[in-house]
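Q: the sequence and its predicted three-dimensional model are supplied below.
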Amino acid sequence: MLGHGVETGYIVRKGQTPTSSEKLLRIIRGTTATAAVGREEAATRAVSADKPRAASSGRLSFFGARAVVGVDVSRRAISVAALRRRDGDFEVLALEEAPLDPSVVLDSEEFSRILGAVISRACLRIPRPEIWCTISSSQADMRLVGVPKVPASQRDNAVFWTARKEMSFDEKTVIFDFEDRGELVDKGAVKSAVFAHAIPRDAVTRRKASFERAGYALQGMTLTAFADQNVFRSGCLPPPPGGAANLHVGDNWSRLEIYRDGNLVFTRGIKAAMTALSGAVMEGLAEEPEPVRPVFESLTPTPDHEISLDLGRSDEVVLDLDGDAPARPEAEAPRLLTLDLSGDAARPEPAAPAADPLAEGAQPQDRNAEAAPTGDLSEADARAVLMSLVEGGPAIAPGRPGYGLSRDEIMELAEPALARLARQVEMTLKHYRETLGNDPVGALYVSGPLAAAPVFLEFLEGHLGIPCEAFDPLGASEIRRPGPGPDPAAMSLAGRCAFQQALGAALSRERMTPNLFVTYKERREARRVRMVNHTTLAVFLLLLAAVAGYSLFESGRNQVRAAELGRLQQQITAQGVMVDTALLNRTAQEAQKTQEALRAFAARNLGLGAISELTALTPADVRILSLSVDMGPPAREPAQAQAQAGKAAKPVVKYIKKVILDGVVQGDDQLFESILAGYLVNLQNSPLFEGSTVSKRDVETMGGAQVLHFVVSLALAGQ
């Protein structure tokens, strides 16, 4: 909260011609040039706002077709606005407002009944609306926090503990969340910038319960400052160079918010509000008018046109060359020295006559009407006097306090509080510009009850030296009428400004607007779930790709087989032979008969084949003395085999056909064993013999020489 202000050196009274002294001070301060540049920038923004924006080509229209209903609850009214985004613009579907008695408790059943009724009227033709509401930013602690750079996995904890150290909150009793704001340099160190906010959990719970009692579930809840942020992020109002500031003048407090690149980067609460302005008007109406007397009793004009000046006083003396400066109390303004060059005797300046109320657009009033007594003034009477400044607002009824006052006179009454408000705004903007090292804001938007009061905007613009205009997103070119809906162009400026914060809530989107129901913890859990889902999907897609690859592989093999089959069919077709089952059966029978004949031939000639194989395999060192072939009993005739089959079956004894060799190994007696072993190995490798059994192996003398006498039994193969 700003506790001190900077004196500007002059006081601006709108509706009056500036004196040469004021013009000189303006030139010195450069306010005239600044205001001129600001007006040019405002004109440029107005031209760019009138140009239609191109719709996003990457987004289908039905993605933004769902209606969003924004609800704003203030001390004196409930405002509801319903919007639907289509083709890059916003369609106004409904605008509803219900007056609210300041004595109604927001947790009461009466409030829920009024809330439910006004939402029902707004949602009458809207299926499945998303309802967002605002909650006052005065209940929240909001600030830009610099966080040391840490790994992504530790960032949330680093933001939480840094913000807790600076903001001093208890996580059990408040809802804490933050938004990224890039980077900042703090004492030479580059840090991550986040805009953190904390609001009592009980306030959010009670507001949510009020909507539930009214029969409506909330999709989201956001602070009023973030609702105004939606206006810039959605593109309804083009941001001016250097960013824009919004001064919201509330009932008991005011706040100044600064937005840059669509982001809220600075906010500050200001004590001066409607209550202070009403108090100043009450004090002004209660005071009795005093006759204007000369400011300086020590300045006495002489007949020869000379002036005596008391130089002993150290007060500031201003030389007024025009003689048209308004009279001021001596305690509030410097001493004024007026030079009369006409030759007449100097005389006190009479009080300036009151301006004609018709000249400022006031309602025709009877000056002779009886004014109400000022002893029974109330805050409601003073507020009614202030609200008469609003363009198109209700005039003061005859007989009520303030009846017959022009807008200039009302501004005179509220000037002490207005000057304090302007000084605090000026000090805040100076702190933002000089202390924090930011670019000066390009425009000041004003919201609240006095947003549609031209004299109020002119006062701020003259005092601050930057363009001031009403915060009127409902009057932007991007807001259009869909047909049966309300037409914002047909509404007055005051009527549109009444829905400013409700409209900001209706512009809310999940990925654009901070939601008090979805904080960084819920977003972190959602990211974890999303990562698990993406991993599962990736594994599934990998398996699907593997199955698809295997399917393609098998399909290729099938194509190769189909091509081979086609080639064989072409060969068969070329041979001219029609293959059928009967032909295949006959061919198989013939092959079987041929095979049986070959087996019978082989069985009959097996002995001869064995003798021939032995002759071929016997080496020169081996001499066969005798050879006998045992082929077993003779084969039975078919008739005899059938007769034996009719009798009782006997165990079948398998007879092994064999060849018995009786021979000797000659030569070197040292090589007898090796020669015999090599001979037996060759016999076993023969396809006619399966195994060998040595029954005798002795060294004997035969013909005067030593020989190795052996007897070997060889089993015939194929049994």
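A: Cool, got the structure. Numbers count the residues shown, from 1 in each chain.
Q: buried set for stretch 71-83?
A: Under the neighbour-count criterion of 16 or more other C-beta atoms under 10 Å, stretch 71-83 has 71, 72, 73, 74, 77, 78, 79, 80, 81, 82, 83 buried. C-betas here are computed from N, CA, C, even on glycine.
Q: adding distance to residue 156, pLDDT and secondary structure, write these out as a markdown table.
A: Converted to a markdown table, those look like this (distance: C-beta to C-beta, whole Å; pLDDT from 0 to 100; DSSP: H, G, I helix; E, B strand; the rest coil):
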| residue | distance to residue 156 | pLDDT | secondary structure |
| --- | --- | --- | --- |
| 71 | 30 | 96 | strand |
| 72 | 31 | 95 | strand |
| 73 | 31 | 93 | strand |
| 74 | 34 | 90 | coil |
| 77 | 39 | 92 | strand |
| 78 | 36 | 94 | strand |
| 79 | 35 | 95 | strand |
| 80 | 35 | 95 | strand |
| 81 | 34 | 94 | strand |
| 82 | 35 | 93 | strand |
| 83 | 32 | 91 | strand |
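Q: need those in a markdown table with distance to residue 488, can you?
A: Formatted as a markdown table, the buried residues of stretch 71-83 follow (distance: C-beta to C-beta, whole Å):
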| residue | distance to residue 488 |
| --- | --- |
| 71 | 18 |
| 72 | 16 |
| 73 | 22 |
| 74 | 20 |
| 77 | 18 |
| 78 | 19 |
| 79 | 14 |
| 80 | 15 |
| 81 | 10 |
| 82 | 13 |
| 83 | 11 |
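Q: of these, just say which sits nearest to residue 689.
A: Using C-beta to C-beta, residue 83 is the member of the buried residues of stretch 71-83 that sits closest to residue 689, with 102.1 Å.
Q: quick one: contacts for that closest one?
A: Contact analysis of residue 83 by C-beta atoms under 8 Å, 6 or more residues apart in numbering lists 67, 68, 70, 90, 91, 92, 93, 479, 503, 506, 507.
Q: distance of it relative to residue 664?
A: Relative to residue 664, residue 83 is positioned 120 Å away (C-beta to C-beta, to the nearest Å).
Q: residue ranges with poor pLDDT in the protein?
A: Low-confidence segments of the chain (pLDDT under 70): 1-65, 288-376, 481-485, 577-579, 634-654, 718-719.
Q: in it, spot the helix with the most residues.
A: Ranked by residue count, the top helix of the chain under DSSP state H comes out as helix 520-575.
Q: which secondary structure elements does that helix contact?
A: If you count contacts as 3 or more C-beta pairs under 8 Å, 6 or more residues apart in numbering; DSSP states H and E, helix 520-575 packs onto helix 155-167, strand 174-186.
Q: closest to residue 136 out of the ones you listed?
A: Across the helices and strands packed on helix 520-575, closest to residue 136 is strand 174-186 (C-beta to C-beta), at 14.2 Å.
Q: that closest one pairs with which strands, parallel or anti?
A: According to DSSP bridges, strand 174-186 forms sheet pairs with strand 189-200 (antiparallel).
Q: just the C-alpha atoms of the partner strand, please, in PDB.
A: Taking C-alpha atoms only, strand 189-200 is exported to PDB below (Å, rounded to 0.1, in the frame of the first residue of the first chain):
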ATOM      1  CA  ALA A 189      21.300 -13.300 -10.500                       C
ATOM      2  CA  VAL A 190      19.000 -14.600 -13.200                       C
ATOM      3  CA  LYS A 191      15.900 -16.200 -11.600                       C
ATOM      4  CA  SER A 192      12.700 -17.800 -12.800                       C
ATOM      5  CA  ALA A 193       9.800 -15.300 -12.500                       C
ATOM      6  CA  VAL A 194       6.400 -16.500 -11.300                       C
ATOM      7  CA  PHE A 195       3.300 -14.600 -10.400                       C
ATOM      8  CA  ALA A 196       2.100 -16.100  -7.200                       C
ATOM      9  CA  HIS A 197      -1.200 -15.700  -5.500                       C
ATOM     10  CA  ALA A 198      -2.700 -17.000  -2.200                       C
ATOM     11  CA  ILE A 199      -6.300 -16.600  -1.100                       C
ATOM     12  CA  PRO A 200      -8.100 -17.900   2.000                       C
END
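Q: can you list contacts of that strand?
A: Identification of contacts with strand 189-200 by C-beta under 8 Å, 6+ apart yields 135, 139-149, 155, 159, 163, 167, 169, 173-185, 223, 263-265, 514, 516.
Q: the same query, at a cut-off of 7 Å, please.
A: With contact meaning C-beta atoms under 7 Å, 6 or more residues apart in numbering, strand 189-200 is reached by 139-149, 159, 163, 167, 169, 173-184, 223, 264, 516.
Q: quick one: the helix or strand following it to strand 174-186, angle?
A: Downstream of strand 189-200, the first helix or strand assigned by DSSP states H and E is helix 201-213. Helix 201-213 runs at 130 degrees relative to strand 174-186, counting by axes from the mean of the first three to the mean of the last three C-alpha atoms, to 10 degrees.
Q: ok, whichever helix or strand comes after helix 201-213: who's next to it in the sheet?
A: Per DSSP H and E, the first helix or strand lying C-terminal to helix 201-213 is strand 220-223. Counting by DSSP bridges, the strands paired with strand 220-223 are strand 130-135 (parallel).
Q: can I get the partner strand in CSV, CA atoms only?
A: C-alpha atoms of strand 130-135 as CSV (Å, rounded to 0.1, in the frame of the first residue of the first chain):
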residue,chain,number,x,y,z
GLU,A,130,-19.5,-23.8,-18.3
ILE,A,131,-19.9,-21.5,-15.4
TRP,A,132,-17.0,-19.4,-14.1
CYS,A,133,-17.2,-16.9,-11.3
THR,A,134,-14.9,-14.2,-9.9
ILE,A,135,-13.8,-13.5,-6.4
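Q: now it, how far from the chain's geometric center?
A: With C-alpha atoms, centre = their mean, to the nearest Å as the basis, strand 130-135 stands 18 Å off its chain's centre.
Q: stretch 697-715 too?
A: The answer for stretch 697-715 is 103 Å, by C-alpha atoms, centre = their mean.
Q: buried residues, that stretch. List them.
A: Those would be 707, 708, 709, 710, 711, 712, 713, 714, for stretch 697-715 by 16+ other C-beta under 10 Å.
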